[in-house]
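> Build me a structure from this.
(2 chains)
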Amino acid sequence: MITLVDYKAGNLTSVRKAFTFLGQESVVTDDAALVRQAQAIVLPGVGHFCTTERLASSGVRDAVTEAIERGVPFLGICVGMQWQFAGSTEAPDAPGLALFEGTCERFQTTLKVPHVGWNQIRRAPRSAPSRLLEGVPDDSFVYFTHSYRAPICDGVSAVTTYGETFAAAVERENVFGVQFHPEKSGDTGLRILKNFCDYAAERSSL
Amino acid sequence: MSLESLSTGVMSTGITKRIIACLDVTNGRVVKGVQFVDLIDAGDPAELAHLHATSGADEIVLLDITATSDARPILIDVVRRTARQLFVPFTVGGGVRSLADASALFDAGADKISINSAAIKSPAIITEIAERFGSQAVIVAIDAKRKVGAAVSAEGTVPAEVYLAGGRIATGLDAVEWAREAESRGAGEILLTSMDCDGTRTGFDCPLTAAVAKAVNIPVIASGGAGSGDHFVDVFKAGCADAALAASIFHFGIHDVRELKAQLQREGIPMRLPC
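The predicted structure is shown next:
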């Protein structure tokens, strides 16, 4: 069972139906007590970084932190990945989990912002083998929609270029994050979500 | 940091131009019309959406073309059924009048909603939906018609008037100015339909598309007039479009999306291939 955290940042329907398509049961909640008992946690999210403040005030932030420490698989999508960094200049007063180093910033490019559409991911040089991106070749296309991007640091498993190169995916032990939307990225995205489900299934049988 | 070198040097934009398949729906069926009359049944929305997605379309748009004129909400069950096994971005429009309408569509599986008439009548709705669901979820659709006798000015402005209710009512608004306002109110993308070109299959209105695309800093989707692969080349090059939408040419197997994308790629336009 995958626990999808609802914190009123966009809609969860797309993520949920992707898991349903993969034969994976999921439950949607904003209740910290349920998050604390989760076997695997997915934090979707699209929109403004300040919505993550709700996670702190509702106690979900603490529940997620405890779950991560216990080794519970955790996947952040879009703003959900950015939340795994120290924070974002989009909402400087809302601290992230600081699981990865650095702060998310607005794109500094003459290109149109937001970055909307299909772009390619490639494995970050010298990054460890990625469990999440297993079977996903370099230059695969995935769907992005965002104005802020995470910096390249230790733990970044894949990068994408849009005027500048930024973190497309992060991974460290049981913590995973993707800037793009796997639930909207066709077969490539479904493969990534399946990899997460498979990892979660292995963990919970331990 | 050893990876710092990644952040320097010459970078391509990376992003591809998008080909969007549009399903015009009425009474739960996809229809194909000639100048909005003589509607022919083109099939089931869920089946066609899936077919287009697997044949290479980058996004799917479903427009309930009679919701506004019939003064009824969009058929939610059609949206839900179409969204169920669709794993590319899915936009729904036609008859979205309120935040509640938009919420119901997102719940049913839409990723973005397209608003047209309601945004003109009450522009605050753009901000309202964007604040709740994010700008990326809000497309403002603009139906525009060139002003008769008005030439393209030396500054490159293209006089065109915005229409509402599916092109039935002139608003007096200028298309470029309205696009700018929609952006400032929180729209994430503009879907620009040329009423002059729509249904003609003689090509997109490239000057108008370029005028809007240069006036805003959000993606512009060009619509109306697609008849051949060359038309798509033109709208991406001369029209500066970020995406191009077509309906009728993708039905009845007239155009293979993958073949179209291969042609565009050969012309130097970045496409999602293989897809």
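> Am I right that A:Phe141 sits in a helix?
No - A:Phe141: not assigned to a helix; according to DSSP: H, G, I helix; E, B strand; the rest coil it is strand.
> what's the burial count for A:Val5?
28 (other CB atoms under 10 Å in any protein chain shown). The C-beta positions use only the backbone N, C-alpha and C, and glycine is treated the same way.
> B:Leu208 belongs to a helix, doesn't it?
Yes - read with three-state DSSP, B:Leu208 is one of the residues of a helix.
> what residues are up against B:Glu183?
By CB atoms under 8 Å, 6 or more residues apart in numbering or on different chains, B:Glu183 lies in contact with B:Ile190, B:Val216, B:Asn217, B:Ile218.
> Just the ones in strands from these, please.
When the contacts of B:Glu183 are checked against strands (DSSP state E), the matches are B:Ile190.
> Model confidence at residue 75, what's the number?
Went with chain A since none was named. With respect to pLDDT, A:Leu75 scores 98.
> try again with chain B
Looking at B:Leu75, the pLDDT reads 83.
> Okay, and A:Glu134 sits in which element?
Using DSSP states H and E, A:Glu134 maps to neither a helix nor a strand.
> Helix or strand: which one has A:Lys112?
A:Lys112 belongs to no helix or strand, assigned by DSSP H and E.
> quick revisit: which one (most neighbours) among the contacts of B:Glu183?
That'd be B:Ile190 among those, by other CB under 10 Å, with 26 neighbours.
> wait, isn't that one in contact with B:Ser135?
No - with contact defined as CB atoms under 8 Å, B:Ile190 does not reach B:Ser135; the gap is 11.8 Å.
> joint contacts of those two?
Counting by CB under 8 Å, 6+ apart, the residues touching both B:Ile190 and B:Ser135 are B:Ile218.
> if we can go back for a sec, okay if I get the contacts of B:Glu183 as TSV plus pLDDT and distance to chain A?
Shown next, in TSV, are these (pLDDT from 0 to 100; distance: CB to the nearest CB, whole Å):
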residue	pLDDT	distance to chain A
B:Ile190	98	11
B:Val216	96	8
B:Asn217	95	5
B:Ile218	96	7
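> Same list (the contacts of B:Glu183) but as CSV, adding distance to B:Asp58.
Compiled in CSV, these are given as follows (distance: CB to CB, whole Å):
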residue, distance to B:Asp58
B:Ile190, 17
B:Val216, 20
B:Asn217, 21
B:Ile218, 17
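> Give me the pLDDT for the closest residue to B:Ile74 other than its chain neighbours.
Excluding its sequence neighbours, the residue lying closest to B:Ile74 (CB to CB, 6 or more residues apart in numbering or on different chains) is B:Asp64, at 4.5 Å. With respect to pLDDT, B:Asp64 scores 90.
> contacting residues around B:Asp64?
B:Asp64 neighbours (CB under 8 Å, 6+ apart): B:Val25, B:Thr26, B:Ile74, B:Leu75, B:Val78, B:Val92, B:Gly93, B:Gly94, B:Gly95.
> do the same with B:Gly43
Going by CB under 8 Å, 6+ apart, B:Gly43 touches B:Arg29, B:Val30, B:His251.
> and it, bridged to which residues?
Bridge pairing for B:Gly43 (DSSP bridges) gives the partners B:Val30.
> Helices of the stretch 51-200 of chain B, start to end?
B:76-83, B:99-108, B:117-121, B:124-133, B:175-184 (DSSP state H, counting those that start in this stretch).
> any idea how far the residue lying closest to B:Ala238 once chain neighbours are set aside lies from chain A?
What sits nearest to B:Ala238 in space, not counting adjacent residues and going by CB to CB, 6+ apart, is B:Cys206, at 4.3 Å. Counting by CB to the nearest CB, to the nearest Å, the gap between B:Cys206 and chain A amounts to 18 Å.
> Report the backbone C-alpha coordinates of stretch B:123-141 in CSV.
Extracted as CSV, the C-alpha positions of stretch B:123-141 are listed here (Å, rounded to 0.1, in the frame of the first residue of the first chain):
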residue,chain,number,x,y,z
PRO,B,123,-10.9,37.5,-15.5
ALA,B,124,-10.5,36.9,-11.7
ILE,B,125,-11.4,33.2,-12.3
ILE,B,126,-7.9,32.8,-13.9
THR,B,127,-6.2,33.8,-10.7
GLU,B,128,-8.7,31.9,-8.5
ILE,B,129,-8.0,28.6,-10.3
ALA,B,130,-4.2,29.3,-10.6
GLU,B,131,-3.9,29.9,-6.9
ARG,B,132,-5.7,26.7,-6.0
PHE,B,133,-4.2,24.3,-8.6
GLY,B,134,-1.1,26.2,-9.9
SER,B,135,-0.6,28.2,-13.1
GLN,B,136,0.5,25.1,-14.9
ALA,B,137,-3.0,23.8,-14.7
VAL,B,138,-4.6,26.9,-16.3
ILE,B,139,-4.8,27.4,-20.1
VAL,B,140,-6.5,30.5,-21.3
ALA,B,141,-8.0,29.8,-24.7
